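Student: Let's see this in three dimensions:
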Amino acid sequence: MIEILSKYTPAETYFILKEADVGLKELMKYTLMDLLFKRVLEMNTEHKNESRGEKAKVYNYVRVGREFTHYKPLPHEMIYLSPYYKSKSIRILFQHLISMGIQNAGSEKKYIQNNFLKREEMKHFFVSSRFAIFFTRLNLSDRGRSEKESLLQTLGRVDVSLADSILNVTGKGRSDVSTIGGNIFLLEKARSKVLQKISYQLKEDLQRSVGSYDFMTWIAFESYEMLFNTIFDELNSSNTGSDSGCNSCSILYGVI
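Tutor: Residues are numbered from 1 along each chain as shown. Down below sits the predicted model:
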């Protein structure tokens, strides 16, 4: 029943699993990570010396990936993708893209109501009362609780088995990764080991197919999470985005 994970993006899976405890930061984070994972968007890094004698700053730019043209976006992904549909040639600083995402989402309540709750596959999973929606407190319907249980069981099985099956990256392990897609980032036990195996054993193949794609943007999930959370918290508190580069991004992203 692993196919159940192919029905949802990681943000949608997270939304079902967390119910009332869902947060805007996590929904946005998993959405952007999934778009990078699926190569709808890609990250490129540039080192710039702004003045002689200073250490080069690292700028992470996001632009359209090789799958962008053929990808059919879901509503909750448009907070990031909308500017690229206006111009496929633009590139946006990572922190600026997150800032735009926050502005486009509007608020946690608005983002959830306008995207997740209106999607046909999910709208029957939650009991929507004015009181609950007003306070962003969502209750699962019987159908939603059944789906949540199926997701939990499937994620649990995959979490245990995938770390071993990924050793054969041309067989079941690779097939499973393809099926669950960005939901791989919701795994607990297998996540690091799986991503390391992908990094070591598939890196050359992926480099040939993706070109300059920065693998560490999704392979090093813990580093990605730290960077996203830091930027999100700063932007959410100050409501500003600075084109100041990132002196530590080379460490976080594994850029040499």
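Student: Which pLDDT value goes with Y224?
Tutor: pLDDT recorded at Y224 is 65.
Student: what does A105 give?
Tutor: 95.
Student: for G241, same thing?
Tutor: If you check G241, the pLDDT there is 41.
Student: How about R119?
Tutor: pLDDT, R119: 86.
Student: just use 395 as the starting number from now, easier for me
Tutor: All right, first residue 395 from here; so that's R513.
Student: Work out for me the element it sits within.
Tutor: R513 is part of no helix or strand when elements are defined by DSSP states H and E.
Student: right, and it touches E471 too?
Tutor: No - with contact defined as CB atoms under 8 Å, R513 and E471 do not form a contacting pair (11.4 Å). Bear in mind the C-beta positions are built from the backbone N, C-alpha and C, glycine included.
Student: Neighbour count: the two, which is higher?
Tutor: Higher neighbour count among R513 and E471: E471, with 22 against 15, using other CB atoms under 10 Å.
Student: Could you measure from that one over to M427?
Tutor: Distance, E471 to M427, using CB to CB, to the nearest Å: 11 Å.
Student: now the strands: where do they sit in the protein?
Tutor: 435-442, 451-458, 486-487, 520-521, 533-534 (DSSP state E).
Student: May I have the phi/psi pair for L581?
Tutor: For L581, the backbone dihedrals are phi -70, psi 150 (criterion: degrees, to the nearest 10).
Student: before we move on, what about G500?
Tutor: Main-chain torsions, G500, degrees, to the nearest 10: phi 90, psi -60.
Student: Identify the residues contacting it.
Tutor: Going by CB atoms under 8 Å, 6 or more residues apart in numbering, G500 touches N508.
Student: With T573 instead?
Tutor: Contacts for T573 (CB under 8 Å, 6+ apart) come out as I396, E397, L399, S400.
Student: The residue nearest to the third one when sequence neighbours are not counted and H464: what is the separation?
Tutor: For L399, the nearest residue in space outside its immediate sequence neighbours is I574; the separation is 4.2 Å by CB to CB, 6 or more residues apart in numbering. Relative to H464, I574 is positioned 20 Å away (CB to CB).
Student: ditto for L546
Tutor: L546 is 32 Å from H464, by CB to CB.
Student: who has more neighbours, those two?
Tutor: Using other CB under 10 Å as the criterion, L546 and H464 rank with L546 on top: 12 against 7.
Student: residues in contact with the closest residue in space to that one that isn't next to it in sequence?
Tutor: In this structure, L546 finds its nearest non-sequential neighbour in L411, 6.9 Å apart by CB to CB, 6+ apart. By CB under 8 Å, 6+ apart, the residues touching L411 are K542, L545, L546, L580.
Student: now do 10 Å
Tutor: By CB atoms under 10 Å, 6 or more residues apart in numbering, the contact list for L411 reads E541, K542, L545, L546, L549, L580.
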